[in-house]
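Participant: okay, here's the prediction I keep looking at, along with the sequence it came from:
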Amino acid sequence: MKLRSLVGEHLTVSIEDVAGTDEGATANLSDGSVAVLAEERAHRGLGNALAMSVRAPSDAIYLFAAQEGAVLARRAALFTGAIEGFDV
């Protein structure tokens with residue numbers, strides 16, 4: 001899966017569980033953080049990431065965006081949690 005390879009390439013943690021949809025994928029990581037791949041309708045990726053982080057023990061979010069990365073980065077800056085974005 002694409003999210004697994006992106007996490008392996010950019011982060012030092014491993015994926016514990018992953019769920020994919022037509023729009024991308026979400027994953028819980030070994031350190032309690034969350035990774036989200038936003039492919040189709042990427043502008044909705046930040047919402048998915050925030051929803052996943054509510055149930056996660058860590059507030060760190062890693063957002064991989066196939067498009068609209070700059071828009072997602074500006075929106076993520078409005079939140080207090082640690083949100084790191086990657087253009088893919």
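Facilitator: It's in.
Participant: contacts and neighbour counts: CA atoms only from here.
Facilitator: OK.
Participant: quick check, central residue of the protein?
Facilitator: Closest to where the C-alpha atoms of the chain average out (Cα atoms, centre = their mean) is Val36, at 2.4 Å.
Participant: confirm that it sits in a helix.
Facilitator: No - read with DSSP: H, G, I helix; E, B strand; the rest coil, Val36 is strand and lies in no helix.
Participant: tell me where this protein has strands.
Facilitator: For the chain, strands defined by DSSP state E occupy the ranges 15-21, 24-29, 34-38, 61-65, 83-87.
Participant: mean pLDDT and distance to Ser5 for those - can I get that in TSV?
Facilitator: As requested, the strands of the chain are exported to TSV (pLDDT from 0 to 100; distance: least, Cα to Cα, whole Å):
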stretch	mean pLDDT	distance to Ser5
strand 15-21	88	10
strand 24-29	90	12
strand 34-38	90	11
strand 61-65	90	11
strand 83-87	88	13
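Participant: okay, those, which one's buried deepest?
Facilitator: strand 34-38 (a mean of 28; mean count of other Cα atoms under 10 Å).
Participant: strand partners (parallel or antiparallel) of that strand?
Facilitator: strand 24-29 (antiparallel), strand 61-65 (parallel) (DSSP bridges).
Participant: got a list of what the residue nearest to the centre of the chain touches?
Facilitator: Each residue near Val36 by Cα atoms under 8 Å, 6 or more residues apart in numbering is listed here: 3, 24-27, 45, 48-49, 61-64.
Participant: tell me how far stretch 27-37 lies from the chain's centre.
Facilitator: Its chain's C-alpha centre and that of stretch 27-37 lie 7 Å apart, by Cα atoms, centre = their mean, to the nearest Å.
Participant: same question, stretch 12-31
Facilitator: Using Cα atoms, centre = their mean, the offset of stretch 12-31 from its chain centre is 8 Å.
Participant: name the residues that touch it?
Facilitator: Contacts for stretch 12-31 (Cα under 8 Å, 6+ apart): 3-4, 7-8, 34-42, 48-49, 52, 56, 58.
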